[in-house]
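[1] Show me the folded form of this:
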Amino acid sequence: VEKIKQEKRPEVSIAPNSEIRPWGNYVILKKEANYLVKRIEVLPGESLSLQSHNHRSEHCTIVAGTALVQINESSKTLQANQFIEIPKGAKHRLANHGNSSLIIIEVQLGEKLDENDITRYADKYGRTSEDKDN
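    This next block holds a predicted model:
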């Protein structure tokens, strides 16, 4: 993240409720007791970690770009105006193999809606518990 800030990339100057990640950024648009809405931007060639959540399901709508979505053992390519449901507990990953930013609106539903409800199994940025031990 510090490298991204030093490079003065455009995603650094983002709004409040925003988080910069190695794959891009997200903005929390709305948070209530049992749902949370995010705008996620995945930069070209980047991907989120292979992960699961114990306390929430997710509904992802592609707004721009092309997403490669992995849920458990199956993969699917989605374009703008398509969506996918990610059940609670499913191992999943979103990737952008395109040349432009992938924009997703994600709705999380559940009793625990925070970044601590992520179990990472594989991550090219070294954020799994196994990666941190090495």
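[2] could you check the distance from the residue nearest in space to the middle of the chain over to Ile105?
    By Cα atoms, centre = their mean, the chain has its centre lying nearest to Leu48, at 5.3 Å. Separation of Leu48 from Ile105 (Cβ to Cβ, to the nearest Å): 15 Å. Any C-beta I mention is one placed from the backbone N, CA and C, and that applies to glycine too.
[3] Next: Gln70.
    19 Å.
[4] Same question for Ile84.
    Counting by Cβ to Cβ, the gap from Ile84 to Ile105 is 12 Å.
[5] Same check on Thr61?
    For Thr61, the distance to Ile105 - Cβ to Cβ - is 5 Å.
[6] isn't Pro87 right up against Ser57?
    Yes: using Cβ atoms under 8 Å, Pro87 makes contact with Ser57 at a distance of 5.4 Å.
[7] any common contacting residues for the two?
    Taking Cβ atoms under 8 Å, 6 or more residues apart in numbering as the criterion, Pro87 and Ser57 do not both touch any residue.
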